[in-house]
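Novice: Predicted model, plus sequence, below.
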Amino acid sequence: MTTSLAREKKIKTNGIWLNVAEKGDDGGPLVLLLHGFPETWFSWRHQIDFLSSHGYHVVAPDLRGYGDSEFLPSHESYTVSHLVADVIGLLDHYDTAQAFVAGHDWGSVIGWSLCLFRPDRVKGFISLSVPYSPRDPNLKPSEFSKTFGDGLYITQFQKPGRAEAAFAKHDCKTVMKKFLLTTRTDFMVAPPGTEIIDDLEIPSKIPEWITEEEIQVYADKFQKSGFTGPLNYYRAMDLNWEILAPWEGSKILVPTKFIAGGRDIGAKETMEYVKGEMFKSIVPNVEVVVIEDGHHFIQQEKSKQVSEEILSFFNKLRTTE
């Protein structure tokens, strides 16, 4: 599936140009799909087709620094304030007071922050892979990451140029395969003295849910854009921690569905958290769906099931308006 009928265009939002793919009736309810690392709008190709065929107007941007969207060199331009403002600008462009939103990985982080900052603009939110977690007032993200040692991918992504240099030892298609096809369920910690990109393995056989041609679509985009923009999201994590201080203790009250694979990165800890009382207490209007044999890039790997979960949730919210 190539989503050949998706229309791509550039939209000026929050002072920058974002590339968006869209499909569906302009008069239909707006669904905004936010991708994660290391992807582009193309990661939502199955959902774009599916949701647009059911009457939704689907918009999937390349996030800032990704794909054909504008790149800003400083990590200070990639905070949740910037990213949520990008989303608000898209909603304003489409003259949409409230939208349905789904996010995966970093797209989930943006979606959770959108629900926190501007719940008035969100009819319902679906998070894939990354649950909302409360801010720890005593521990910056970088300090928490260091408890895993230097091998944790997040720690390795912090220093400007380090991950870029490690990635550059491989061609872009190899880098994409190492990330997209991983079946690891740990927190992605490399052995001492090893870069995470070198520690990730490529399966001997490409799984059925993706083709060589689809992986090449990603590789071509990252060959052109580079990885600094995407890595800057990780380099802004401590800035996000500072920005989020006024919302400490706040709950997410937007109707929400959380979907994750039972074999995702850090699955054991994530499953314990989302099935526990703390998650339910801070996201009281949440449904939790676990796809037991799913991994991290779940909207591609389990595209039909994820698409149907998204559709049923948004349809239900439409009927309760």
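Specialist: Cool, got the structure. Numbering: from 1, shown residues only.
Novice: what are the ranges of the helices in the stretch 151-300 of the chain?
Specialist: Taking DSSP state H, counting those that start in this stretch, the helices of the stretch 151-300 of the chain run over residues 153-156, 162-167, 172-180, 196-199, 212-225, 228-235, 237-243, 267-274, 277-282, 298-301.
Novice: and of the ones you listed, who's closest to Phe100?
Specialist: Smallest distance to Phe100 across the helices of the stretch 151-300 of the chain (Cβ to Cβ): 14.8 Å, for helix 298-301. The C-beta positions use only the backbone N, C-alpha and C, and glycine is treated the same way.
Novice: Figure out how far stretch 115-127 is from the centre of its chain.
Specialist: With Cα atoms, centre = their mean, to the nearest Å as the basis, stretch 115-127 stands 15 Å off its chain's centre.
Novice: Verify the stated contact: Glu287 with Ile310.
Specialist: No - Glu287 is beyond contact range of Ile310, at 11.8 Å (criterion: Cβ atoms under 8 Å).
Novice: who has more neighbours, those two?
Specialist: Shown here are Glu287 and Ile310; by other Cβ atoms under 10 Å, Ile310 has more neighbours (26 against 15).
Novice: Report the contact partners of the more buried one.
Specialist: By Cβ atoms under 8 Å, 6 or more residues apart in numbering, the residues touching Ile310 are Val31, Gln47, Leu51, Ala102, Ile126, Lys257.
Novice: Now the fourth one. Nearest residue, chain neighbours left out?
Specialist: In space, Ala102 comes closest to Ile126 once its chain neighbours are excluded; the distance is 4.1 Å by Cβ to Cβ, 6 or more residues apart in numbering.
Novice: mind checking the SS state of that neighbour?
Specialist: Here Ile126 is strand, with the state taken from DSSP: H, G, I helix; E, B strand; the rest coil.
Novice: Tell me the spacing between it and Phe297.
Specialist: 15 Å (Cβ to Cβ, to the nearest Å).
Novice: How many neighbouring residues does Leu244 have?
Specialist: That count, for Leu244 with other Cβ under 10 Å as the rule, works out to 18.
Novice: Excluding residues flanking it in the chain, which one is nearest it?
Specialist: Using Cβ to Cβ, 6+ apart, the nearest residue to Leu244 is Arg135, at 5.0 Å.
Novice: Quickly find the element holding the one you found.
Specialist: In this assignment (DSSP states H and E), Arg135 forms part of neither any helix nor any strand.
Novice: so where's the protein uncertain?
Specialist: 1-4, 321 (pLDDT under 70).
Novice: in it, which spans are strands?
Specialist: Along the chain, counting by DSSP state E, strands occupy 7-13, 16-23, 30-34, 57-61, 99-104, 122-128, 256-261, 286-291.
Novice: Quick one: closest of those to Cys172.
Specialist: Among the strands of the chain, the nearest to Cys172 by Cβ to Cβ is strand 16-23 (18.3 Å).
Novice: who touches the closest one?
Specialist: 3, 5-11, 41-42, 44, 48-49, 52, 57-64, 67-70, 72, 86, 90.
Novice: Kindly recompute the last result at 7 Å.
Specialist: For strand 16-23, the surrounding residues in contact (Cβ atoms under 7 Å, 6 or more residues apart in numbering) are 5-11, 41, 48, 52, 58-62, 64, 67-70, 86.
Novice: Show me just the buried residues among those.
Specialist: Buried residues within the contacts of strand 16-23, counting neighbours by 16 or more other Cβ atoms under 10 Å: 6, 11, 41, 48, 52, 58-62, 64, 67-70, 86.
Novice: Please tell me how far the nearest residue to Ile298 once chain neighbours are set aside sits from Asp62.
Specialist: Spatial nearest neighbour of Ile298, chain neighbours left out: Gly261 (4.8 Å); criterion: Cβ to Cβ, 6+ apart. Counting by Cβ to Cβ, the separation of Gly261 from Asp62 is 24 Å.
Novice: Check Trp106 too.
Specialist: Where Asp62 is concerned, Trp106 sits at a distance of 12 Å (Cβ to Cβ).
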